[in-house]
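Participant: build me a model:
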Amino acid sequence: MGARWVTLGLWLLAGCSGVPWQPEAFNQAVRVEAMELRFAEDGTGLLTLRVQVRNPSPDAALLTGVDFELAVDGLRLAMGLQQVEVPLGPDGLPHTVELSFPLVSEGAVSQEPRVMRRVQLRGGVLLRYGAGTERRAPFALEREQRLPHVPLPEPRLE
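Facilitator: Alright, predicted model coming up:
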């Protein structure tokens, strides 16, 4: 009976050995190389990202999606998700992925051309291993940027 449990345990460990269980491996797997954020006078905008992704596992992975949340001066303006299919080999070499997210606002627009804004970007990439294992590797970026036309967030409904 004990030998069966040992065999089962070894079989489970062998099946999961490729995907690291240490969260810090995934916390360091993505780096934002470039971010461009623009808004027009009508409130429309474009967020362009270039991220570098490394597969932290010795198994091949498929990058299946990138999500983001964008805040300006501490107020969330946008969030989104884009599906992609980028194969990542087990070699740990970096892969650069470029993404564009159109931004639309129906509210008022602030027009203060001399004001520096604090732009915060948080998000993650979804990595799929085999048929059933998915892990999210997070990223974050914060910087000051001059944004003359910023959509004002709508007031919260309570």
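Participant: and the helices in this protein, which stretches?
Facilitator: 2-16, 23-27 (DSSP state H).
Participant: worst mean pLDDT among the ones you listed?
Facilitator: For those, the weakest mean pLDDT is recorded on helix 2-16, namely a mean of 47.
Participant: could you list the low-pLDDT ranges of this structure?
Facilitator: Within the chain, the segments meeting pLDDT under 70 span 1-23, 106-108, 113-114, 153-158.
Participant: from the centroid of this structure, which residue is nearest?
Facilitator: Gly124 (2.4 Å; Cα atoms, centre = their mean).
Participant: next up, the contacts around it.
Facilitator: With Cβ atoms under 8 Å, 6 or more residues apart in numbering as the criterion, the residues that contact Gly124 are 30, 66-67, 136-139. Glycine gets a C-beta too; all of them are placed from N, C-alpha and C.
Participant: excluding covalently adjacent residues, which one is nearest to Leu62?
Facilitator: Arg128 (4.6 Å; Cβ to Cβ, 6 or more residues apart in numbering).
Participant: ignore what I typed, I meant Phe139.
Facilitator: Val30 (4.2 Å).
Participant: check Pro138 too.
Facilitator: Per Cβ to Cβ, 6+ apart, closest to Pro138 is Gly124, 4.4 Å.
Participant: now do the one you found against Leu46, distance only.
Facilitator: Gly124 sits 21 Å away from Leu46, going by Cβ to Cβ, to the nearest Å.
Participant: equivalent analysis for Arg76, please.
Facilitator: For Arg76, the distance to Leu46 - Cβ to Cβ - is 18 Å.
Participant: next: Arg118.
Facilitator: 19 Å.
Participant: next one: Leu63
Facilitator: Applying Cβ to Cβ to Leu63 and Leu46 gives a distance of 22 Å.
Participant: now Gln52
Facilitator: Relative to Leu46, and taking Cβ to Cβ, Gln52 is found at 21 Å.
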